[in-house]
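here's a sequence, model it:
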Amino acid sequence: MAKRLFDLVLAALALAALAPVLVVVALVIKFDTPGPVFFRQQRVGRGGRLFRIHKFRTMQVDAPERGPEVTVGRDARITRSGHWLRHYRVDELPQLLDVLSGHMSLVGPRPEVPRYVAHYPPDLRERVLSVRPGITDPASLEHIDEAHQLATAADPEREYVEVILPRKLQHQARYAEQATLGSDLRVLLRTVRILLSR
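Sure, this is the predicted structure:
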C-alpha cells in the first residue's frame, strides 16, 4: 500500500513537472517521421497478466517487420530523434501513465514481451512476476548499454536469451524479494544520476 501511494504521488508530480517536455518531444517525433507519437506493445506484468506498455516511438513504423524485438547498437530502424530519446531514456517517460493506471511501478523488474518471458525458468518466473514491473530497476541499470553489447554478438537474439536475460533475471528476483521504499528511492536517484552523466 505504501509503495503504491509512493508511485502514485511521484508519478503524478513527475507528469505535471515534465508536461512541457513531453509536448515538445511529441512534436519532434511527429515532425521527424510519419507515424504515431506513441509506441504501444504487449508486455507481461504482475502475476503474468498482459498489458500494453506506452513509450515514445523511436523506430520506423514498420520496425517489427524488419528485425528482431531486441534493439542492436545503431539499429537502422531507429529514427533520427529516436537515437537521442533512447540514449537519455526519454522514450520511457510515457510509462508514468502506466504507473498511474496500476500496470507498472516506478521501480520494479522491466516488463518483457511474452516471447522472452517464455524463456524464464519456472522458479525465477514466479519470483520476478510477483511484483509490478517498473520503469527502472537495478538490472536495467547494470545493462544500460545492452544494445551495444548485442551489436557485437554474432546472433543478437540468442545472446540476449542465453546470456543477458539470465543475468537480468537474477537481479530482478533479488529485487522482488528484498525491495523496500528506501531501496526504491536509491534506485530512482541512481537512475537520475546515470542519465544526467550521459
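
list the contacts of the lowest-mean-pLDDT helix or strand in the chain.
Sorting the helices and strands of the chain by mean pLDDT, DSSP states H and E puts helix 63-66 at the bottom, at a mean of 80. Residues external to helix 63-66 that are found in contact with it (C-beta atoms under 8 Å, 6 or more residues apart in numbering): 60, 77. The C-beta positions use only the backbone N, C-alpha and C, and glycine is treated the same way.

before we move on, what about stretch 2-13?
Residues contacting stretch 2-13 (C-beta under 8 Å, 6+ apart): 96, 99-100, 102, 105-106, 181, 184, 188.

now with 7 Å, please.
With contact meaning C-beta atoms under 7 Å, 6 or more residues apart in numbering, stretch 2-13 is reached by 96, 99-100, 105-106, 181.

then stretch 69-83?
Contacts for stretch 69-83 (C-beta under 7 Å, 6+ apart): 28-29, 32-33, 58-60, 63, 66-67, 86, 113, 115, 147-148, 150-151, 156-157, 160.

kindly recompute the last result at 8 Å.
In contact with stretch 69-83 (C-beta under 8 Å, 6+ apart) are residues 28-29, 32-33, 57-60, 63, 66-67, 86, 91, 113, 115-116, 147-148, 150-151, 156-157, 160.
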